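**Student:** sequence? don't have it. structure:
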């Protein structure tokens, strides 16, 4: 205890020595700091160092024992409270906008005042110093003329050298930044009769004058347009120009003359509008219009024109608006007298009006902070342990009036332990500063606050007074912070709680007493409103219902703050772990899953995959999947759906069923989704000829012209889309190119006029193809009998029956007798050599035809039916096999099992007819020996198609589809990421079809024949 007292005494002695050193080195309190700074400068411009300029010792400077504070002037300046460095603030200084510089024309008189206080250790002493910063002008304003167009009237016949005063420009800057010179710009291509001269006025201004340099003849030219430019003296200089219009008029040789060059007067402030102030007079020796004088403002600011009114006829100046001396103390301007001659002559005079002060302002008492003691909302917070004679506030008393009207005295009223002491020896009578000092020790327990009233009275007659009050609150000392028993509190809390449910209670203790020991609890803002705490008892409660799926861990700080001043606080960390409940049902990523699969897909092939999630965790998120059974089966662990039967689009094109997902919670929750399965078409149906029948015929008169409709072939296809889009083509029986067929309509029309040789029966071979890949086709026979009438129908029927037995590659077209007669006639003309050549060509054609037909398949022709076990049309054998072919014609054809014995009589008609196989059977009978094993209906590997962007680890696809027996491989397609199966099934042409074109020139299918006659 003794050593502690010795240390305190030693520390106090050190502080006392430091204070004595500083007090001996401080200048007198009436010292005034003076600096200069340019206007419009940036922030942080160095102005000066208060410490060095005050001559303070460096022993306490920079250590924080002696500090500096800017008591006024902080609007434009700032000071380093440790080093005393004075710099400019963030707000720029515009000299022309400063109220105190509006009517000042000497740059040394434009200044800003500031106050700086020097504060000793622990604010044991405070000294206040005034400062003044002169704001120097920069060239930031451009000179300008009163108007962009200036007019001047010059009388004719004026002698050379005559001067005319031009309107002067104004520049808000002054000195070297003010107006420097005028320039006259004129057209150099024409001889000029004018010249510019600039004269210096007694007031120090520059007066532009126009000099006549040549003869003026109004009758020759009555006007001139010149450009008058003004420049200031800044660097860089600023300039502007105006158009000077010079009108040549008649002679007016006498100018008005003012009685005095300068008029001075004094006027009282607050004079009512209309009060006369001064009359200026000017006389003109001319008579008539040239001697009539009118008065106008010359070089006058906006404030002059706003406050004063000038009578143009009499020259009386009167008050236009009340003038406040505290705003404008002097008005200085010029008045121009102008006669009404042509051109008018002028004279100018200077008017100086001084505004006389009236005691119209009460003293102003301003109480501000000083040092480290804050004054806020009219109250000063003073600790109870301050020493006697400690300054606690700065009192500034000012009066805007002048002289005795602004001389102010002030005092403290009442029995309070405070007194006023001058802060400086003020050099201005209307502005004084005082420190409010404590005159006795303060005791918080005895008196907690004082109301200090300060009264200020000026010396005017009658005197005016005002008062201001300061509430001094004595502050108790608080030196213990609250503490928690545990710095980290962890708690587990179940989700889905009721709002306001208590989570945990925290408690802190404070060693202080009274208000300093009363604790208020609060939460760190990082909790974001999820919890709140009872400020009195420390109960932490949930603001709303917690959801573990959104956030499962909260960590925040609890703050315990006592109610002392200044307040002390302690904190602890709270961690809330939110535990899970089964409050989320499984959720499918889509309400409806849509898949597209090809028809004829094999059983147990994957058709798609569904994805489901559960926001819970643990057992609550373990999912089981079930399919509500139809023709598909679901896989419980991956979400992959397999087919349980092969699909036939022609039987059913769409399926819809539901998939259910169940979690493992208690009670379990489930969700369902709809699966829509669309079967895409495969070209497995060949076109079917609906009309005409092969054994029917149409009568066509020989007089029929071109474009005559002969017959229409119609066909249908059980597929859809492009697989059902049929096209018609004539592939035989049209050697004379008499007929054409519409590729899409099937309408057969006459293309050429008919001749005599064209009469008779024509057999047209029409092939009908669909647009599938590969394409399927059917063949139709259209018989056309060209004759005037149908006199012998039995004969035509016989010809039609015979045509059915003739191979399709042979043409039946017209009257054969006419052809033979024409052939004999040609043979008689072409003797010998042509006959031999024809024989050679015939042999070559037969060999080529035989080879081509031998390569084709040997399918029979039966329109609209599945392929039988035996061909209806056999290929034409080569010459060496002709006999064998004739023997085969006598064989009994094999019975068609599907048609029982009904086809026997029909098939016997075609047992020796040859055709070319180009069609795949309509229904793909696997027992047919002509069906290649390469044609299959395998399913794509859907597991390789689905590239889902979902990050769910619970659902995966099988890496491969079930194997397909007897197939080379499976077609693979790239599927879109939306789990929708699309594609055209042509990724592997060898695996999915026989070839790219399944129809050769002649297709072969049969129909049941019926005789039809078109009339």
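**Tutor:** The structure has been received and is ready for your questions. Since the structure is predicted, the reported quantities are computational estimates derived from the model, not experimental observations. Residues are numbered from 1 along each chain as shown.
**Student:** Please tell me I have it right and residue 254 contacts residue 286.
**Tutor:** Yes. If you go by CB atoms under 8 Å, residue 254 and residue 286 touch, sitting 4.4 Å apart. (Glycine included, C-beta is placed from N, CA and C.)
**Student:** anything in contact with each of the two?
**Tutor:** residue 339 (CB atoms under 8 Å, 6 or more residues apart in numbering).
**Student:** of the two, who's got more company?
**Tutor:** residue 286 (19 against 15; other CB atoms under 10 Å).
**Student:** Assign that one to helix, strand or coil.
**Tutor:** coil (DSSP: H, G, I helix; E, B strand; the rest coil).
**Student:** Can you tell me how far it is from residue 348?
**Tutor:** Separation of residue 286 from residue 348 (CB to CB, to the nearest Å) stands at 18 Å.
**Student:** do the same with residue 834
**Tutor:** Distance from residue 834 to residue 348, by CB to CB: 132 Å.
**Student:** go on, residue 575?
**Tutor:** 87 Å.
**Student:** of these two, who's got more company?
**Tutor:** Neighbour count, other CB under 10 Å: between residue 575 and residue 348, residue 348 has more, with 20 against 13.
**Student:** For that one, what is the enclosing helix or strand?
**Tutor:** Taking DSSP states H and E as the definition, residue 348 sits inside strand 346-356.
**Student:** The following helix or strand past that strand pairs with which strands, and in what direction?
**Tutor:** Downstream of strand 346-356, the first helix or strand assigned by DSSP H and E is strand 364-368. Strand pairing for strand 364-368, using DSSP bridges, gives strand 391-398 (antiparallel).
**Student:** Other residues contacting the partner strand?
**Tutor:** Against strand 391-398 from outside (CB under 8 Å, 6+ apart): 71, 117, 123, 126, 128, 363-371, 373, 375, 380, 382, 386, 408, 410, 418, 420, 423, 430-438, 454, 456, 470, 472.
**Student:** Mind checking which of those residues are buried?
**Tutor:** Buried positions within those, assessed by neighbour count (16 or more other CB atoms under 10 Å), are 71, 117, 123, 126, 128, 363, 365, 367, 369-371, 373, 375, 380, 382, 386, 408, 410, 418, 420, 423, 430-438, 454, 456, 470, 472.
**Student:** Go through the residues you listed and flag which are in strands.
**Tutor:** Those of those mapping onto strands are 71, 117, 126, 128, 365, 367, 375, 380, 382, 408, 410, 418, 420, 431-438, 454, 456, 470, 472, per DSSP state E.
**Student:** residues contacting residue 257?
**Tutor:** Contact partners of residue 257, counting by CB under 8 Å, 6+ apart, are 282-284, 337, 347.
**Student:** Closest one to residue 37 out of those, please.
**Tutor:** residue 347 (41.9 Å; CB to CB).
**Student:** Can you show me the helices along the chain?
**Tutor:** 2-25, 50-53, 302-307, 793-805, 816-829, 833-855, 882-889, 904-907, 942-945, 989-992 (DSSP state H).
**Student:** Looking only at the fourth one, what residues are buried by neighbour count?
**Tutor:** Of the residues in helix 793-805, those buried by neighbour count under the rule 16+ other CB under 10 Å are 796, 799-800, 803-804.
**Student:** Make JSON lines from those residues and add distance to residue 749 and pLDDT to it.
**Tutor:** Output for the buried residues of helix 793-805, formatted as JSON lines (distance: CB to CB, whole Å; pLDDT from 0 to 100):
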{"residue": "796", "distance to residue 749": "22", "pLDDT": "89"}
{"residue": "799", "distance to residue 749": "23", "pLDDT": "89"}
{"residue": "800", "distance to residue 749": "21", "pLDDT": "90"}
{"residue": "803", "distance to residue 749": "21", "pLDDT": "89"}
{"residue": "804", "distance to residue 749": "24", "pLDDT": "89"}
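**Student:** want to try TSV for those residues, with distance to residue 512 as columns?
**Tutor:** Formatted as TSV, the buried residues of helix 793-805 follow (distance: CB to CB, whole Å):
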residue	distance to residue 512
796	130
799	130
800	126
803	125
804	123
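**Student:** Of those, which is the nearest to residue 606?
**Tutor:** For the buried residues of helix 793-805, the nearest to residue 606 is residue 804 (50.2 Å; CB to CB).
**Student:** Surely that closest one and residue 781 touch.
**Tutor:** Yes. Judged on CB under 8 Å, residue 804 makes contact with residue 781 at a distance of 7.4 Å.
**Student:** Are there residues contacting both of these two? Which ones?
**Tutor:** Counting by CB under 8 Å, 6+ apart, the contacts common to residue 804 and residue 781 are residue 694.
**Student:** Pull out the buried residues from stretch 318-334.
**Tutor:** 318-320, 323-326, 328-329, 331-334.
**Student:** what's the most distant pair in the residues you listed?
**Tutor:** 326 and 334 (25.3 Å).
**Student:** just to revisit the earlier point, could you redo the buried residues of stretch 318-334 as JSON lines and give each row pLDDT and distance to residue 610?
**Tutor:** Output for the buried residues of stretch 318-334, formatted as JSON lines (pLDDT from 0 to 100; distance: CB to CB, whole Å):
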{"residue": "318", "pLDDT": "91", "distance to residue 610": "96"}
{"residue": "319", "pLDDT": "90", "distance to residue 610": "93"}
{"residue": "320", "pLDDT": "89", "distance to residue 610": "89"}
{"residue": "323", "pLDDT": "84", "distance to residue 610": "90"}
{"residue": "324", "pLDDT": "82", "distance to residue 610": "86"}
{"residue": "325", "pLDDT": "81", "distance to residue 610": "91"}
{"residue": "326", "pLDDT": "77", "distance to residue 610": "86"}
{"residue": "328", "pLDDT": "83", "distance to residue 610": "88"}
{"residue": "329", "pLDDT": "81", "distance to residue 610": "91"}
{"residue": "331", "pLDDT": "88", "distance to residue 610": "92"}
{"residue": "332", "pLDDT": "90", "distance to residue 610": "94"}
{"residue": "333", "pLDDT": "91", "distance to residue 610": "93"}
{"residue": "334", "pLDDT": "92", "distance to residue 610": "96"}
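**Student:** Can you get me the start-to-end distance on stretch 644-663?
**Tutor:** Criterion CA to CA, to the nearest Å; first-to-last residue distance in stretch 644-663 is 26 Å.
**Student:** Just the buried positions in that stretch, please.
**Tutor:** 647, 649, 655, 657, 659-663.
**Student:** and which of the residues you listed is nearest to residue 498?
**Tutor:** Of these, the one sitting nearest to residue 498 (CB to CB) turns out to be residue 663, at 24.4 Å.
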